[in-house]
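Chemist: Whatever this is, show me its structure:
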Amino acid sequence: MTMKYRLLVVLLMFGMLPIVVMFIAARQTPLGLSREFHSTMAIGVMVTSLAGLISPGLIRQWLFSNRIQKMKEFCQSVKDGSSYLEGNFRPDRDAACCGEAA
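Modeler: Predicted coordinates:
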């Protein structure tokens, strides 16, 4: 189960829950017979569904894209051999200062 799918499920559940509660609560009252009420709830379901389908991608990009991009850049630099951790020996810099040939 991917993160996008998990976010989709969570957002749709929390978005639809208040609408379902309103339908159940209004079912036994005159409000439940009102055509306008049902139209309003249908619009609410459509908006919630649309928001639930769009939001996971936006949330994932907003929260994780910068970190994932940095991780990709770091991994690529490690593959290229140009990456080092702070304080570690760098042959191109440290060998020259220690009198060793690079």
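Chemist: Tell me the spatial nearest neighbour of Phe23, not counting adjacent residues.
Modeler: Closest residue in space to Phe23, ignoring its immediate chain neighbours: Met41 at 6.3 Å, by C-beta to C-beta, 6 or more residues apart in numbering. (Each C-beta comes from the backbone N, C-alpha and C, glycine too.)
Chemist: What helices and strands are in contact with the helix or strand harbouring the one you found?
Modeler: Element membership of Met41 [criterion: DSSP states H and E] is helix 35-80. Where contact means 3 or more C-beta pairs under 8 Å, 6 or more residues apart in numbering; DSSP states H and E, helix 35-80 is packed against helix 3-26.
Chemist: dump the residue contacts of the most centrally placed residue in the chain.
Modeler: Relative to the mean C-alpha position of the chain, the nearest C-alpha, by C-alpha atoms, centre = their mean, is the one of Arg60, at 1.9 Å. By C-beta atoms under 8 Å, 6 or more residues apart in numbering, Arg60 lies in contact with 3-4, 7.
Chemist: Ser34: which of those residues is nearest?
Modeler: Leu7 (34.2 Å; C-beta to C-beta).
Chemist: Assess the claim that that closest one and Ser55 are in contact.
Modeler: Yes - between Leu7 and Ser55 there is a contact under C-beta atoms under 8 Å: 7.0 Å.
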